[in-house]
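Asks: I need the structure of the sequence given here:
(2 chains)
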Amino acid sequence: GENVEQHPSTLSVQEGDSAVIKCTYSDSASNYFPWYKQELGKGPQLIIDIRSNVGEKKDQRIAVTLNKTAKHFSLHITETQPEDSAVYFCAEGSGGYQKVTFGTGTKLQVIP
Amino acid sequence: EPEVTQTPSHQVTQMGQEVILRCVPISNHLYFYWYRQILGQKVEFLVSFYNNEISEKSEIFDDQFSVERPDGSNFTLKIRSTKLEDSAMYFCASRRQGINSPLHFGNGTRLTVT
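Replies: Next up, the predicted model:
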């Protein structure tokens, strides 16, 4: 069975600072690790994803790192802005039908 | 950019009534999903659907739930006899063919059972 733990549950940072969110998973077969941003009243929106053959991926201010041996992966947001305030979910996926299992979410607040 | 659309945005129903939640996935996508999110909690998988049949379902997806793709564009979730604990946001998602292609989510239907 899949189990994804996510920390912290809430995170407040000053505008311009970095934010780091960490997740661990239990299924050795997991090979796909997306991160979703959920704004109030909206569905989860993919912001970045990483496959199991890659250790790190970066897209402008967002980066994700993956440690398959330790079964954990992290989201890094640099130079945070107020519009980064949202709930962030990590997730993991495996198998042909590729359902993803979500973490418990992190509510990020960026203080202007 | 193509989107997954869901209707209605909010559905209020009485306990014991049947509800149908509707979704229009992205047109060239082949895999379809329903997830739910109870207020303030994580997003939980309900069911995946491919090639006109259920490919996987969770423990939540019991006999009260069913899914259908009645035509080439819609994907529906039916709850036969709603319970208070069915109150949640229900998200539809779809993805195209290809390993590890990402899921695209709609903005959800808020179901309130009274």
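Asks: contacts, neighbours, all on C-alpha from now
Replies: Fine.
Asks: Give the other helices and strands that the host helix or strand of A:Glu5 contacts.
Replies: Using DSSP states H and E, A:Glu5 sits within strand A:4-7. Contacting strand A:4-7 under the criterion 3 or more CA pairs under 8 Å, 6 or more residues apart in numbering or on different chains; DSSP states H and E are the following elements: strand A:19-25, strand A:86-93.
Asks: Just say which of those strands is most tucked in.
Replies: Stretch with highest mean neighbour count among the helices and strands packed on strand A:4-7: strand A:86-93 (a mean of 25; mean count of other CA atoms under 10 Å in any protein chain shown).
Asks: Tell me the first helix or strand C-terminal of that strand.
Replies: Trace forward from strand A:86-93 with DSSP H and E and the next one is strand A:100-102.
Asks: Can you tell me the strand partners of that next one and which way each runs?
Replies: strand A:86-93 (antiparallel) (DSSP bridges).
Asks: Dump the partner strand to CSV, restricted to CA.
Replies: What follows is strand A:86-93, C-alpha atoms only, in CSV (Å, rounded to 0.1, in the frame of the first residue of the first chain):
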residue,chain,number,x,y,z
ALA,A,86,-1.3,28.1,-1.0
VAL,A,87,-1.5,24.5,0.1
TYR,A,88,1.2,22.3,-1.5
PHE,A,89,0.8,18.6,-1.9
CYS,A,90,3.5,16.1,-2.7
ALA,A,91,2.4,12.9,-4.3
GLU,A,92,3.8,9.6,-5.6
GLY,A,93,2.7,7.4,-8.4
